[in-house]
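Q: just need the structure, nothing else, for what follows:
(chains A, B and C)
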Amino acid sequence: MSTITLEKLSALNAAYARCIDNDQLEQWPAFFQEKCLYLITTADNHDAGMPAGMVYADTRGMLQDRIVAMREANIYEEQRYRHIIGIPFVVEHVDTLILVETPFIVMRIMRGGETTVFATGRYLDRIVVAEDGGLQFAERIVVCDSTNIDTLLVIPL
Amino acid sequence: MSTITLEKLSALNAAYARCIDNDQLEQWPAFFQEKCLYLITTADNHDAGMPAGMVYADTRGMLQDRIVAMREANIYEEQRYRHIIGIPFVVEHVDTLILVETPFIVMRIMRGGETTVFATGRYLDRIVVAEDGGLQFAERIVVCDSTNIDTLLVIPL
Amino acid sequence: MSTITLEKLSALNAAYARCIDNDQLEQWPAFFQEKCLYLITTADNHDAGMPAGMVYADTRGMLQDRIVAMREANIYEEQRYRHIIGIPFVVEHVDTLILVETPFIVMRIMRGGETTVFATGRYLDRIVVAEDGGLQFAERIVVCDSTNIDTLLVIPL
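A: Numbering: from 1, shown residues only, chains lettered A, B, ... in the order given. Down below sits the predicted model:
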């Protein structure tokens, strides 16, 4: 029984991007399974097989902590983000598990109005059907194309 | 009977973007219902509940007038636009009415060749099934992320 | 029998973009039929009906030669590309042949980390169902919005 379609994957990505761009970050950890992997790294690191990244979390609790810390630091209010997520490429699909690779562009809009390309890259996802029938990330590895990623990276990508 | 699918929404947005980017603007008002709402505003204004925007029209005739004025001003020829419209997020779906939120990026390409990010933001749409079975906008509110939108805004977003 | 859906077109574009952005260029010619047309041109040239372009190939062998030459020139390693391909607009659909127009943005990420908009434009495609049931390009005309395209254009768009 194959319950994951390209349409459902796109709907998942649409909801994910909207959650971040609309500043509903408290809902962001719910896109992940309890035990998960969320990693932001660079293409150079990833190609070299280096597991280290700029951001690492392997439980939903760590993702929640991250949002709490971010709210306290109060940096987020100064800018907006806009994700454009491309078409998912299905690498492997076995029953209720799917490995997907999806390109993205994230723009940053500063309070003063200036808009710049914040990051481009691809998501390497391991997506599963959750108990309620919806899709969740077991893994989302964010591979940024540039080595020049803002080291004060606060928002999720 | 639910006649609106994610695929049809995407096809509508593809046709809408192509109409503008291919400079077939005389056909643009036909994407809207006779009585409609088309508004371009900023995220700051929108979040503050301010109904005012940089562009406002509430009939198809007003949209047509806008295109006529634009052609007379003859500014449009100096540049090209390129819309990339993201995946629609369905906020609410009742029979033949759907409320959708969709991110976009618009690039501007000047005659001299320079390309810049013209606008990023999201469409807040109220889409209905028209008499001929096709989809039409009852409302398209264009919420731009930046406050720095070109005040001489001539083309539709 | 209509075997081409919007979902299949999007999957084709996802695979095409991934092939280039992941530097698997040796597999790129396989997206085209043996006898094909691949052309990179500008909107100005295209609108003027000029068939000339910056890149022209009409067999799969020519596409393969192009990749070999590019590898020997060894320029590609210095940068990454990131395609975001928009929603296909179906211009005409007859049985197993489809004419489609699809917008794109390509970002270029230099080794030093700098990210710029490399090209925007639209693909004018003539897509057919290949013998194995998959989709292939009989024609892909890449119409760039800007006249300022890098004349040393090495990678495929």
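
Q: for chain A, which residues are neighbours of chain C?
A: Residues of chain A found near chain C (CB under 8 Å from any CB of the partner chain) are A:6-7, A:43, A:84, A:86-90, A:101, A:103-105, A:117, A:120-122, A:145-148. From N, CA and C alone the C-beta is placed, and that goes for glycine too.

Q: which ones among those residues are found in helices?
A: Judged by DSSP state H, the subset of these located in helices is A:Leu6, A:Glu7, A:Ala43.

Q: show me which of those neighbour chain B.
A: A:Glu7.

Q: tabulate the ones in helices among the residues of chain A next to chain C (JSON lines), appending distance to B:Ala30 and pLDDT.
A: Formatted as JSON lines, these follow (distance: CB to CB, whole Å; pLDDT from 0 to 100):
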{"residue": "A:Leu6", "distance to B:Ala30": "30", "pLDDT": "88"}
{"residue": "A:Glu7", "distance to B:Ala30": "27", "pLDDT": "89"}
{"residue": "A:Ala43", "distance to B:Ala30": "44", "pLDDT": "93"}
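
Q: buried ones only from the ones in helices among the residues of chain A next to chain C, please, as a ChimeraX command.
A: Applying 16 or more other CB atoms under 10 Å in any protein chain shown to those, the buried members can be selected in ChimeraX as follows:
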select /A:6,7,43
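
Q: for the residue nearest the centre of chain A, list the residues it contacts.
A: The centroid of chain A falls nearest to A:Leu157 when counting by CA atoms, centre = their mean (4.5 Å). Listed by CB atoms under 8 Å, 6 or more residues apart in numbering or on different chains, the contact set of A:Leu157 reads A:Ile40, A:Phe104, A:Val106, A:Ala119, A:Gly121, A:Val142, A:Cys144.

Q: host element of the residue of chain A at minimum distance from chain B?
A: Nearest residue of chain A to chain B (CB to the nearest CB) works out as A:Gly113 at 2.8 Å. Applying DSSP states H and E as the criterion places A:Gly113 outside every helix and strand.

Q: need the contact list for A:Val143.
A: A:Thr41, A:Thr42, A:Ala43, A:His46, A:Gly121, A:Arg122, A:Tyr123, A:Leu124.

Q: pairing partners for it in the sheet, please.
A: A:Thr41, A:Arg122 (DSSP bridges).

Q: what's the PyMOL line that selects buried ones from the residues of chain A next to chain C?
A: For the buried members of those, the matching PyMOL selection, counting by 16+ other CB under 10 Å, is:
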select buried, chain A and resi 6+7+43+84+86+87+88+89+90+101+103+104+105+117+120+121+122+145+146
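
Q: out of the residues of chain A next to chain C, which are inside strands?
A: Within the residues of chain A next to chain C, membership in strands is found for A:Ile84, A:Phe89, A:Val90, A:Glu101, A:Pro103, A:Phe104, A:Ile105, A:Val117, A:Thr120, A:Gly121, A:Arg122, as judged by DSSP state E.

Q: which one of those is nearest to B:Glu26?
A: Comparing those against B:Glu26 with CB to CB places A:Ile84 closest, at 28.3 Å.

Q: ok, whatever residue of chain A ends up closest to chain C - contacts?
A: With CB to the nearest CB as the measure, A:Asn148 is the residue of chain A nearest to chain C, at 2.9 Å. For A:Asn148, the contacting residues are C:Gly112, C:Gly113, C:Glu114, C:Thr115, by CB under 8 Å, 6+ apart.

Q: please identify the residues of chain A in proximity to chain B?
A: In this structure, chain A approaches chain B at residues A:7, A:10-11, A:13-15, A:17-18, A:21, A:80, A:82-85, A:105, A:107, A:109, A:112-117, judged by CB under 8 Å from any CB.

Q: run the last query once more with 6 Å
A: A:Glu7, A:Ser10, A:Ala14, A:Ala15, A:Arg18, A:Arg80, A:Arg82, A:Ile84, A:Met107, A:Ile109, A:Gly113, A:Thr115 (CB under 6 Å from any CB of the partner chain).

Q: in this structure the third one contacts B:Ile87, no?
A: Yes: taking contact to mean CB atoms under 6 Å, the distance of 3.8 Å between A:Ala14 and B:Ile87 places them in contact.

Q: show me what stretch A:6-26 is in contact with.
A: A:27-28, A:31, A:67, A:81-83, A:85, A:88, A:135, A:156, B:6, B:87, B:89, C:7 (CB atoms under 6 Å, 6 or more residues apart in numbering or on different chains).

Q: ok, those residues vs A:Ala57, which is closest?
A: Looking across those and measuring by CB to CB, the closest to A:Ala57 is A:Pro156, at 9.7 Å.

Q: next one, pLDDT for the closest one please.
A: On the pLDDT scale, A:Pro156 is placed at 91.

Q: equivalent analysis for A:Pro51, please.
A: Reported pLDDT for A:Pro51: 75.

Q: wait, a strand at it?
A: No: counting by DSSP: H, G, I helix; E, B strand; the rest coil, A:Pro51 is not part of a strand but coil.

Q: now it: how far from C:Asp23?
A: Separation of A:Pro51 from C:Asp23 (CB to CB, to the nearest Å): 22 Å.

Q: quick one, what contacts A:Thr42?
A: By CB under 6 Å, 6+ apart, the contact list for A:Thr42 reads A:Cys144, A:Thr147.

Q: how near is it to A:Asn148?
A: 9 Å.

Q: and A:Thr102, by the same measure?
A: Counting by CB to CB - A:Thr102 and A:Asn148 are separated by 22 Å.

Q: can you tell me which residues contact A:Val55?
A: Counting by CB under 6 Å, 6+ apart, A:Val55 touches A:Ile40.

Q: and A:Asn22, backbone torsions?
A: Per-residue torsions, A:Asn22: phi -90, psi 10 (degrees, to the nearest 10).

Q: A:Ile98 against A:Ile4, yeah?
A: Yes: assessed by CB under 6 Å, A:Ile98 is found in contact with A:Ile4 at 4.8 Å.

Q: those two: which is more packed in?
A: A:Ile98 (24 against 20; other CB atoms under 10 Å in any protein chain shown).

Q: next one: the helix or strand where the more buried one lies to chain centre, how far?
A: Assigned by DSSP H and E, A:Ile98 falls within strand A:97-110. How far strand A:97-110 lies from its chain's middle: 7 Å, per CA atoms, centre = their mean, to the nearest Å.

Q: before we move on, what about stretch A:7-14?
A: Centroid separation for stretch A:7-14 versus its chain: 13 Å, with CA atoms, centre = their mean.
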